[in-house]
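Chemist: just coords:
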């Protein structure tokens, strides 16, 4: 198999914007956690597929903490980036912010880390192109992704 070219983080970044509608909320008017998780998974899947030019499937989702409630009427921005590639798997980071359109106030609400696997037409894992971090922030996320992967693998062994 020919060596795949390095791809930059910027080449596959995704910004997805959603407005929180009444059907997306619980009885308190807060965004349902499951709805946010679906949006996070979609944004991450697009970034993974942009990077690999393949169908990518979710292999795992790391811890997801909710720092601030997201309310009906808020606009949610999800920014997804490839943090690191580990042969056939990729770690995608998704940063979530909310915006109140009436005040303009923007608030960071969540970060999620998901692992995706690139697959071929038969559903078998395939090697993904390496990612080249360029900025200081991309390099930090690249290094952090290796630490998170080590913890995931350790956790898997302990089961």
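Modeler: Received the coordinates, thanks. For clarity, every value in this text was computed on a predicted model and none was experimentally measured.
Chemist: Lowest mean pLDDT among the helices and strands, pick that one out for the protein.
Modeler: Least confident helix or strand of the chain, by mean pLDDT, DSSP states H and E, is helix 136-157 with a mean of 88.
Chemist: what residues are up against residue 104?
Modeler: Not one residue lies near residue 104 by CB atoms under 8 Å, 6 or more residues apart in numbering. In short, each C-beta sits where N, CA and C put it, glycine included.
Chemist: how about the least confident helix or strand of the chain: buried residues?
Modeler: 138, 141-142, 145, 148-149, 152 (16 or more other CB atoms under 10 Å).
Chemist: and what of stretch 120-128?
Modeler: 126, 128.
Chemist: Contacts for it, please.
Modeler: Counting by CB under 8 Å, 6+ apart, 1, 4, 51-52, 54, 85, 87-90, 117-119 sit against stretch 120-128.
Chemist: Next: stretch 23-40.
Modeler: Residues from elsewhere that reach stretch 23-40 (CB under 8 Å, 6+ apart): 16, 18, 20, 61, 64, 66, 69-72, 74, 76, 78, 80, 94, 96, 110, 112, 114.
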